[in-house]
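A.B. asks: How does the following fold in three dimensions:
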Amino acid sequence: MPPTILVIDDDTSLRRVLEYNLQEEGYAVLTAADGTAGMALFAEAQPELVITDLKMPGMSGFEVLAAVKAQSAETPVIVITAFGAVETAVEAMKGGAYDYITKPFNRDELKLLVRNALKLRGLSQENRRLKEELAEQTDFRHIVGISRVMEQVFVVVRKVADTEATVLLTGESGTGKELVARSIHLQSGRRTAPFVAINCAAIPRDLLESELFGHVRGAFTGAVRDRTGRFQAAGGGTLFLDEVGELPLDLQPKLLRALQEREVMPVGGTSPQKLDVRVIAATNADLDEAIAGGTFREDLYYRLAVIPLHLPPLRERREDIPVLVRHFAAKHGGKDIIFPPEVLEILAGYHWPGNVRELENTVERLLIMRSGDVIGLADLPEKMRDGAVGGGSKVVNLPPDGYPLEQLEREVVVEALERNDWNQTQAARFLRIPRHTLIYRMEKYAITPPQERKR
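C.D. replies: Got it, this is the predicted structure:
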């Protein structure tokens, strides 16, 4: 997409000259006759560059400059001033203007000034992005875990990070799927390019296609300019499709085509645009069940799940909980706060339906509401102090001398399968877990269905 330039000037003939010269260079140009109209266009179109006269009736060029910088500090502003009023232009530069040009101006001078201003904007954005990514961790320090299951996750991430393979992350909400996606990106050869995330469940269906693939001017009511979609915005980098299981069925073929052909067709467009982007998708839905129910395409699933990676819920990595507690305490300013063993034991024994996200929120709340530098049992939420694990009566009576947790879990899985005639979908529903989680347990404990044992 060509850069968009907004020209604000009350001189009609000058606006036309500027518009003609800039369009001749291939830029998209918007024009306004006063500052108020210009700022309305700026808020709507978010242009890459603003050119404004300083002396205008109503809202002055100085006010336009201040308003643009307040909304977007990276957007360069070139001011136009009359010959002999250089001092005024210098004052504008002190206020944040990129440069000035005097009337009457030389056409080549204008084009060079615009070219340099846009180049500076690009460098500024690149610098900001690199700083943000350096602020992130390029290793696993944001993904805390010492358990065996998390070590397996780290192994897979290291293997796939520097490939172009599409990765499908599965797991319950709050298990850290976006953190893992960012880790893959930051350990890949695309680390200096954008990481763009979109939640497919959070955007209305009638806007989602435009958000993903972009649109051209006039494609629908309100499409006043061409818009870049998330696929193009992630050019050279990584696009993270969160909650991909919620993607409407009629959009799934378009996503499949984008992945297969490495190109997208903007809404209302007539020619496809080539892509250079790596896709990582995530879902907390059971896609096997969605495929069986006809709400998710099987061919799209296999295109997304070139590398499937399941993230375990927190209750399956309880040995990580004390480490996570200390990590979150330090993150929220409680590095020196003490969590006694009995408190950590209760936290490790809770079932954490909200997973790591719920644990972090709990630790932050404990730090805020604590009565001292040692977190006591009385500081814990009542549901944890009372040993609540989701309500209901006790269904397991453990022997006095203890019982191995893994053996207990294996027996529960086998019994659920036997009660449901080894139908995995029904057994998963019985256990209130996704089908892929049940399959993971069967593989973990080497549970083989009777019909496969006979082969």
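A.B. asks: going forward, measure contacts between C-alpha atoms and count neighbours the same way
C.D. replies: Fine.
A.B. asks: Show me the strands in the protein, by range?
C.D. replies: 4-8, 28-32, 49-53, 77-82, 99-103, 167-170, 195-199, 238-242, 263-264, 273-274, 278-283, 307-310 (DSSP state E).
A.B. asks: Export these as TSV, with columns for distance to Phe430 and mean pLDDT.
C.D. replies: TSV is the format used below for the strands of the chain (distance: least, C-alpha to C-alpha, whole Å; pLDDT from 0 to 100):
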stretch	distance to Phe430	mean pLDDT
strand 4-8	56	95
strand 28-32	58	95
strand 49-53	59	95
strand 77-82	62	90
strand 99-103	68	89
strand 167-170	20	96
strand 195-199	29	95
strand 238-242	27	97
strand 263-264	42	92
strand 273-274	46	90
strand 278-283	21	97
strand 307-310	21	96
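A.B. asks: wait, which of the ones you listed is closest to Ala43?
C.D. replies: Among the strands of the chain, strand 4-8 comes nearest to Ala43, with 11.1 Å by C-alpha to C-alpha.
A.B. asks: Starting from the closest one, tell me which strands it pairs with and how they run.
C.D. replies: In the sheet, strand 4-8 lines up against strand 28-32 (parallel), strand 49-53 (parallel) (DSSP bridges).
A.B. asks: re the thing from before, would you format the strands of the chain as JSON lines with distance to Gly122 and mean neighbour count included?
C.D. replies: Formatted as JSON lines, the strands of the chain follow (distance: least, C-alpha to C-alpha, whole Å; neighbours: other C-alpha atoms under 10 Å):
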{"stretch": "strand 4-8", "distance to Gly122": "13", "mean neighbour count": "25"}
{"stretch": "strand 28-32", "distance to Gly122": "17", "mean neighbour count": "20"}
{"stretch": "strand 49-53", "distance to Gly122": "11", "mean neighbour count": "26"}
{"stretch": "strand 77-82", "distance to Gly122": "14", "mean neighbour count": "24"}
{"stretch": "strand 99-103", "distance to Gly122": "16", "mean neighbour count": "18"}
{"stretch": "strand 167-170", "distance to Gly122": "30", "mean neighbour count": "25"}
{"stretch": "strand 195-199", "distance to Gly122": "16", "mean neighbour count": "19"}
{"stretch": "strand 238-242", "distance to Gly122": "19", "mean neighbour count": "26"}
{"stretch": "strand 263-264", "distance to Gly122": "24", "mean neighbour count": "22"}
{"stretch": "strand 273-274", "distance to Gly122": "21", "mean neighbour count": "15"}
{"stretch": "strand 278-283", "distance to Gly122": "22", "mean neighbour count": "24"}
{"stretch": "strand 307-310", "distance to Gly122": "34", "mean neighbour count": "18"}
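A.B. asks: What count of nearby residues applies to Asp336?
C.D. replies: 11 (other C-alpha atoms under 10 Å).
A.B. asks: Which phi and psi values does it adopt?
C.D. replies: Note on Asp336: its backbone torsions stand at phi -100, psi 0 [degrees, to the nearest 10].
A.B. asks: dump the residue contacts of it.
C.D. replies: By C-alpha atoms under 8 Å, 6 or more residues apart in numbering, Asp336 lies in contact with 330, 373.
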